[in-house]
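Asker: Provide a 3D model corresponding to the input given below.
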Amino acid sequence: KQVSTFAGLDVECLITAARCFLTEYYKKGDVIIEQGEVCDSFRIVESGTLIVTIKYDPKDKSEVPKEKNQLGRNSYFGEGALHQLGPRPNTVAVLSNTAKCLRLTKASYDEIMSSTRRIESDISKDICQTVLNGLRVFKALTYSQKEKLLEYLNPVNYFTDNFLCRQGLTGDSFFIISKGCCKMTINVDDGDERDVGFLNTGDFYGEDALTDFSNKRSHNVIAIDSVCCYRLGRTEFTHFLKVIKATKLFFSSDPQKNNSRNSSFLAPNRRISCLNTHGQKDERRQFTILRRFAKFTSESLWGSLYHRMFRELTLRPWRSVEYGAEVDRIMQLQLTRSETVEQMMKFARAFLAPEAKETRNERENLFMFGLLFQRNVLK
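Answerer: Here you go, the predicted model:
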C-alpha cells in the first residue's frame with residue numbers, strides 16, 4: 001500500500017499481486033541492476049543491505065561510481081519498470097554479506113492489472129446499468145436501448161479537490177460515481193462554501209442537464225479522494241437518440257423550444273414563478289410573469305380537443321400507442337402544433353362523416369377515444 005502503483009488496488013488484488021512475487025537470493029558484491037540496463041522488474045528488499053550508485057558517464061570505465069543511498073529491509077526499487085521498459089538510471093548492488101529480494105515482473109503486473117480492469121469494468125457496468133434503470137429521465141427507453149446507452153458513457157478520473165462541476169455554471173453533463181467519494185457544497189454570502197451532502201459509489205448527479213438547455217448547476221461537486229466516474233454529455237446523449245430514432249421522446253422538433261426561453265415546453269407542470277428551477281431569483285421571470293400567467297392559463301383551457309391531444313402526446317409520447325396507429329403516424333411527422341392539429345382534424349372529418357359511420361375501424365375508434373379522453377385542468 002505504500003507504493004503508489006499499488007495504492008489504488010483493493011485487498012483481493014493486492015493478495016493476487018503478492019502471490020506473483022518471486023524470491024531471489026544474493027551474496028555480497030552481486031549486481032542486481034546495472035546502470036543503463038533495460039529492466040522489467042520491481043523489487044522489495046526483504047533482508048540485507050543494497051547500495052545504489054550512479055556514474056555521470058556510464059561509458060567512462062575510469063569514473064568511480066558515486067553512492068546515492070542505501071536500501072534496507074522493506075525498501076523497494078524499480079517501480080517505473082512496471083509501467084514502461086527503459087534503461088535504469090542507477091546501479092544497485094549488494095552491500096551486506098547476503099540479501100533477499102522479492103521480484104515482480106512487468107508481465108505478471110500487466111496480467112494482474114488486466115484482470116483487475118475487467119473486474120472493475122464489470123462492476124462499473126452493473127453500477128451504471130442500475131442507475132440508468134432507476135432514473136425517471138430514461139424511463140421512456142427500453143432495456144436494450146439502455147444497454148446501448150452504456151456505450152456512450154465515458155470514464156473520467158478526478159484527483160482530490162478537483163471540481164466535477166461548479167455552482168451557477170451551465171451544465172451539459174450527467175455523472176455516475178463508480179469509485180470514490182465527492183462532497184456537495186453550496187456557495188454562501190461570505191464567499192465561503194457550506195457542505196450539504198456527499199456522493200459515494202453508485203450515486204449520480206446532473207441528469208437534468210441532458211434535456212434542459214438552460215440547466216444551471218445548483219451545487220459544487222468536489223472530489224474528496226481519487227474519484228472514478230462515468231460521464232454522459234448532452235452531445236453524446238443527443239447523438240444516441242438520433243441513432244435509436246428516439247429524439248422526439250426527449251426534445252421538441254423545433255430547436256427554439258429547447259432553449260432557455262422555452263425550457264418549460266416539455267414540463268408536465270407549467271411554472272408561473274419569479275424563481276428559476278433552482279429556487280433562485282430570476283429577474284427575467286419577474287418581468288414576464290403576467291404574460292406567462294396569461295399564456296399558461298389559456299393553454300390549460302384550450303377549447304380544442306385536438307390541441308389538448310397534441311399537448312398530451314408531446315408530454316407523454318407513449319400515449320400515441322393507446323390512441324391508435326394514425327395518431328402515432330401524425331406525431332412521427334414532427335410537425336408544428338398547428339400543422340399537427342390540422343392533420344388530426346382532417347383525419348377526424350373523414351371518419352366522422354355520416355356516410356362513414358358503418359365502416360369505422362379500430363384505428364378510428366382509438367382516435368376518438370384519445371379525443372374524448374382529454375379534459376381541461378387548471379390548478
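Asker: after the helix or strand bottoming out on mean pLDDT in the chain comes which helix or strand?
Answerer: None of the helices or strands of the chain scores lower by mean pLDDT, DSSP states H and E than helix 283-300, at a mean of 68. As assigned by DSSP states H and E, the chain's next helix or strand after helix 283-300 is helix 305-315.
Asker: buried residues in that next one?
Answerer: Residues of helix 305-315 classed as buried by neighbour count (16 or more other CB atoms under 10 Å): 305, 306, 307, 308, 309, 310, 312, 313, 314. All C-beta atoms are positioned from the backbone trio N, CA, C, and that covers glycine.
Asker: can I assume the fourth one is in contact with residue 374?
Answerer: Same thing as residue 308. Yes. Using CB atoms under 8 Å, residue 308 makes contact with residue 374 at a distance of 4.0 Å.
Asker: Extract the C-alpha trace of stretch 363-378 and format it as CSV.
Answerer: Extracted C-alpha coordinates of stretch 363-378, given in CSV (Å, rounded to 0.1, in the frame of the first residue of the first chain):
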residue,chain,number,x,y,z
ARG,A,363,-57.9,2.8,-35.6
GLU,A,364,-60.6,5.4,-35.9
ASN,A,365,-62.3,4.3,-32.6
LEU,A,366,-58.9,4.6,-30.8
PHE,A,367,-58.5,8.1,-32.2
MET,A,368,-62.0,9.1,-30.9
PHE,A,369,-61.1,7.6,-27.5
GLY,A,370,-58.0,9.8,-27.4
LEU,A,371,-60.0,12.9,-28.2
LEU,A,372,-62.7,12.2,-25.6
PHE,A,373,-60.0,11.4,-23.0
GLN,A,374,-58.8,15.0,-23.0
ARG,A,375,-60.0,17.4,-20.4
ASN,A,376,-59.4,20.9,-19.1
VAL,A,377,-57.4,21.1,-15.9
LEU,A,378,-56.3,24.3,-14.2
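Asker: tell me which residues in it are buried?
Answerer: With burial defined by 16+ other CB under 10 Å, the residues of stretch 363-378 counted as buried are 363, 364, 366, 367, 370, 371, 374.
Asker: do stretch 23-43 as well
Answerer: 26, 32, 33, 35, 39, 40, 41, 42, 43.
Asker: Stretch 60-73 too?
Answerer: For stretch 60-73, burial by neighbour count (16+ other CB under 10 Å) applies to 65, 71.
Asker: How far does that stretch sit from its chain's centre?
Answerer: 50 Å (CA atoms, centre = their mean, to the nearest Å).
Asker: ok, back up a step: and which of the buried residues of helix 305-315 is nearest to residue 196?
Answerer: Distance to residue 196 across the buried residues of helix 305-315 (CB to CB) is lowest for residue 314, with 34.8 Å.
Asker: helix or strand for the nearest residue to residue 369 once chain neighbours are set aside, which one?
Answerer: In this structure, residue 369 finds its nearest non-sequential neighbour in residue 323, 6.8 Å apart by CB to CB, 6 or more residues apart in numbering. Using DSSP H and E, residue 323 maps to neither a helix nor a strand.
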